[in-house]
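S.K.: Here is my input, please return the structure:
(2 chains)
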Amino acid sequence: MKDPDDKLILGGHKFDSRFILGSGKYSLKLIESAVKDAGAQIITLAVRRANTKTEENILDFIPKGVTLLPNTSGARNAEEAVRIARLARELGCGDFVKIEIMRDSKYLLPDNAETIRATEILARDNFVVLPYMYPDLNVARDLVNAGAAAVMPLASPIGSNKGLATKEFIQILIDEIDLPVIVDAGIGRPSQACEAMEMGAAAIMANTALATAGDLPLMAAAFRQAIEAGRKAYLSGLGRVLTRGAAASDPLTGFLRD
Amino acid sequence: MENNFFVDSDKLSPKALEIKHRLETDPSSRCDHMKYLPGMERIESDVCANVMKHMRSFDHSAYTERDVKAALESETCSIEGFKALLSPAAKPFLEQMAERARMETSKHFGNTVYLFTPLYIANYCENYCVYCGFNCYNNIRRMKLDAEQIEREMQVIARSGMEEILILTGESRAASSVEYIGEACKLARKYFRMVGVEIYPVNTDEYRYLHECGVDYVTVFQETYDPDRYEQLHLLGHKRIWPYRFDSQERALRAGMRGVAFSALLGLADFRKDALASALHAYYLQRKYPHAEMSLSCPRLRPIINNDKIDPLDVRETELCQILCAYRIFLPFVGITVSSRESASFRNGIVKIAATKISAGVSTGIGDHESKYEGKKAVDSGDEQFEINDGRSLDRMYKDISDEGLQPVLNDYLYV
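M.R.: Residues are numbered from 1 along each chain as shown, chains lettered A, B, ... in the order given. The predicted structure follows:
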């Protein structure tokens, strides 16, 4: 093990769990068991869902001690995201914020430029800013400079369950960015989460994969184990993977005499 | 079978009856439904041409089992695939369509179902749309709520727990001016998290004014996308102008509204063509205004006061289900609303497959929420636009949805 105290550190806060749970696509009554079976310490929620008068407020279903990660879904530009983040703080959701800025209602792809602007403003305002982004190295560097606490590149279009479609680009972020890289959106199965963790991702965020599962708590547990397995594999240093056939027992360069 | 829409009230004067009959029987007595009236804004847009090109050439009898299978096997649904799913050839595949639709719905919306209620504030109307209970020749009790009455209605609805409201009027600028509607929307913002309108089409600057009053969602039903059929059904009034109505959603989006809703009234014309055009209307506008939220409804004809025989004809529940599944597969990201025109059992079933939003605690009458919600004696109220089918209250609906394993949501909206 490289680090016996292997923790996920976000804005100075330490977490043992590397599984960030979504909350918006399944029954409120399942949140508690999902958190428990996922072993999650962070849960995201849409501020727009929490801003309700109803007796069944999503905030009341999240177990105590779990860190809230309110997201700015519904924001179409930096200013709207900033307003939503501040409302989250007023609602008592704490200082963490996941920036989601979309100008596209079909694929919900993040607007990187506006995300950088919002990160700058909110980091100055002492938020722990976790920006959802399209995996672009230049943008990731700008987000670092803007004061982000992590970057959250998408693996595939949100809700698609298609896995690591942007794998090569996420790997570049992991290799080049000194902040935690949290893979968000598109992770559809535990094996994909495991693969991202083996690559060196700091954490995984998932929602739809659980919401569309037959047994949500069981799938939450499966993700937890996959993420832990992937993390251990990463820390232990992955062995050599042969891409084509077996290694020749006689080395090809065995004829060299000096 | 055809609907007989023409009903003569004995309250009409001989002169009024004569005009009505002439409108009904003599097309030359009606104004050109494709020509804008003075004051109607004209915008440059290619959306209508794109939609109509597909609708005109859509021969749904030409599609085969093979086309339907190809559409269902394809990962993303093309316009051609959508046409196949709307065709009669898709009927034997309804269960597979429902499975695919359910998966798309759960990927995009999880198991959530949004709830809202309509509030009719006036039923005066200047149009003669032959199938509508509010039409100007229909003998009904007319009413327009004043600000105080509107606020009282809103308080009653808000007490029930509802957080999203849709404000409706009959289509009469004279009785229900844009300012009158704007003031109602300002009041609505005091009590509700989200305010939409379903009113007569207005110009961009008027949509902008309504947006400033707190409206963020505009619903306009085209009724039928077939201009020739439209002409035979909308005989008098501003609503008769088909292209002005078509561009309403685009004007609303240009005015800064967050979202718009579309529909044809199924049963008026070839429903497969109308379903195609409704979805393509949303599809092409989404390409042009990618940030906008889009939503589709699917109303079928209902009986009205003084004409209880009106029927959606060939659009039975099976056909409606087919349309909704096709909508969901073609446009996985759009909201789909199913109103109280449909039965409780249909709505319970369809929210598990394709619908994401349903109304509850519905009255299509004017000023009767206190009597309907809280059992107080109605002082004075205006008649309904149509007969509703599913009369469940918000509490009952909330419970029924929860019992189905779905999550009812009263608000998912922020004004930013």
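S.K.: for the stretch 151-258 of chain A, what spans make up the helices?
M.R.: All helices of the stretch 151-258 of chain A, identified by DSSP state H, counting those that start in this stretch, fall at A:167-176, A:190-199, A:208-211, A:216-236.
S.K.: Equivalent analysis for the stretch 201-350 of chain B, please.
M.R.: When assigned using DSSP H, counting those that start in this stretch, the helices of the stretch 201-350 of chain B occupy the ranges B:204-212, B:227-233, B:242-246, B:248-254, B:271-288, B:317-330, B:344-350.
S.K.: before we move on, the earlier item: would you mind checking which of the helices of the stretch 151-258 of chain A scores lowest on average pLDDT?
M.R.: If you rank the helices of the stretch 151-258 of chain A by mean pLDDT, helix A:208-211 sits at the bottom with a mean of 86.
S.K.: you'd agree B:Met34 is up against B:His234?
M.R.: No: the pair B:Met34 / B:His234 is not scored as a contact, 11.9 Å apart, by CB atoms under 8 Å. Where you see a C-beta, it was placed from the backbone N, CA and C, and this is true even at glycine.
S.K.: Quickly list what's touching both of the two.
M.R.: When CB atoms under 8 Å, 6 or more residues apart in numbering or on different chains defines a contact, the residues bordering B:Met34 and B:His234 alike are B:Trp242.
S.K.: Just give me the neighbour total for B:Tyr63.
M.R.: Neighbourhood size, B:Tyr63 [other CB atoms under 10 Å in any protein chain shown]: 22.
S.K.: Check B:Tyr413 too.
M.R.: Neighbouring residues of B:Tyr413 were enumerated by other CB under 10 Å; the total is 24.
S.K.: A:Phe61 too?
M.R.: 17.
S.K.: A:Ala118: neighbouring residues, count only.
M.R.: By the other CB under 10 Å criterion, the neighbourhood of A:Ala118 contains 28 residues.
S.K.: that's a helix at it, yeah?
M.R.: Yes: the assignment for A:Ala118 is a helix, going by DSSP: H, G, I helix; E, B strand; the rest coil.
S.K.: gap between B:Ile310 and chain A?
M.R.: In this structure, B:Ile310 lies at 35 Å from chain A, with CB to the nearest CB, to the nearest Å as the measure.
S.K.: Check whether that residue really touches B:Pro303, as I assumed.
M.R.: Yes: look at B:Ile310 against B:Pro303 with CB under 8 Å: they come within range, at 5.0 Å.
S.K.: So for those two, which sits in the more crowded spot?
M.R.: With neighbours defined as other CB under 10 Å, B:Ile310 and B:Pro303 compare such that B:Ile310 has more, 21 against 14.
S.K.: Now do the contacts for that one.
M.R.: Under the contact definition (CB under 8 Å, 6+ apart), the residues listed for B:Ile310 are B:3, B:5, B:131, B:301-304.
S.K.: mind redoing it with 10 Å?
M.R.: With contact taken as CB atoms under 10 Å, 6 or more residues apart in numbering or on different chains, B:Ile310 is in contact with B:3-5, B:7, B:130-133, B:267, B:301-304, B:386-387.
S.K.: Repeat that for A:Gly147.
M.R.: Taking CB under 10 Å, 6+ apart as the definition of contact, the neighbours of A:Gly147 are A:11, A:119-129.
S.K.: Quick one, which of the residues you listed are buried?
M.R.: A:11, A:119-123, A:127-129 (16 or more other CB atoms under 10 Å in any protein chain shown).
S.K.: Show me the residues you listed that map onto strands.
M.R.: Among the buried ones among the contacts of A:Gly147, the members found in strands (DSSP state E) are A:128-129.
S.K.: now, which of the buried ones among the contacts of A:Gly147 sits nearest A:Leu21?
M.R.: Using CB to CB, the shortest approach to A:Leu21 within these belongs to A:Val128, at 17.2 Å.
S.K.: partners of that closest one in the sheet?
M.R.: With DSSP bridges as the criterion, the beta-bridge partners of A:Val128 are A:Phe96.
S.K.: so who does it touch?
M.R.: A:Val128 touches A:10-13, A:67, A:69, A:94-98, A:122, A:147-150, counting by CB under 10 Å, 6+ apart.
S.K.: Please indicate which of the residues you listed are buried?
M.R.: Buried residues within those, defined by neighbour count using 16+ other CB under 10 Å: A:10-11, A:13, A:67, A:69, A:95-98, A:122, A:147-150.
S.K.: hmm, back to that, pick the most buried one from the helices of the stretch 151-258 of chain A.
M.R.: Burial among these, expressed as mean neighbours by mean count of other CB atoms under 10 Å in any protein chain shown, is greatest for helix A:208-211, which shows a mean of 25.
S.K.: Which neighbouring elements make contact with that helix?
M.R.: Contact analysis of helix A:208-211 by 3 or more CB pairs under 10 Å, 6 or more residues apart in numbering or on different chains; DSSP states H and E lists helix A:31-38, helix A:190-199, helix A:216-236, helix B:94-109 as its packing neighbours.
S.K.: Quickly note the distance from B:Ala275 to chain A.
M.R.: Counting by CB to the nearest CB, the separation of B:Ala275 from chain A is 20 Å.
S.K.: Give me the number of neighbouring residues for that residue.
M.R.: The criterion is other CB under 10 Å. On that basis, B:Ala275 has 29 neighbouring residues.
S.K.: Then A:Phe15?
M.R.: With other CB under 10 Å as criterion, A:Phe15 counts 17.
S.K.: partner residues bridging it?
M.R.: Under DSSP bridges, the beta-bridge partners of A:Phe15 are A:Leu8.
S.K.: about what we covered before: show me the buried ones among the contacts of A:Val128 that map onto helices.
M.R.: Judged by DSSP state H, helices contain the following of the buried ones among the contacts of A:Val128: A:Leu122.
S.K.: May I ask which two of the buried ones among the contacts of A:Val128 are separated the most?
M.R.: Spatially, the most separated pair among these is A:Thr67 and A:Gly147, at 19.0 Å (CB to CB).
S.K.: Could you list the low-pLDDT ranges of the chain?
M.R.: Here I'm looking at chain A. Low-confidence segments of chain A, defined by pLDDT under 70, span residues A:1-4, A:239-248.
S.K.: ah, no, chain B please
M.R.: Along chain B, the model assigns pLDDT under 70 to residues B:378-379.
S.K.: need the contact list for the residue of it found nearest chain A.
M.R.: Nearest residue of chain B to chain A (CB to the nearest CB) works out as B:Gly110 at 2.3 Å. The neighbourhood of B:Gly110, defined by CB under 10 Å, 6+ apart, consists of A:22-27, A:159, A:207-208, A:210-212, B:356, B:406-407, B:409.
S.K.: top of those by neighbour count?
M.R.: Of all the contacts of B:Gly110, the most densely surrounded is A:Ser23 (28 neighbours; neighbours counted as other CB under 10 Å).
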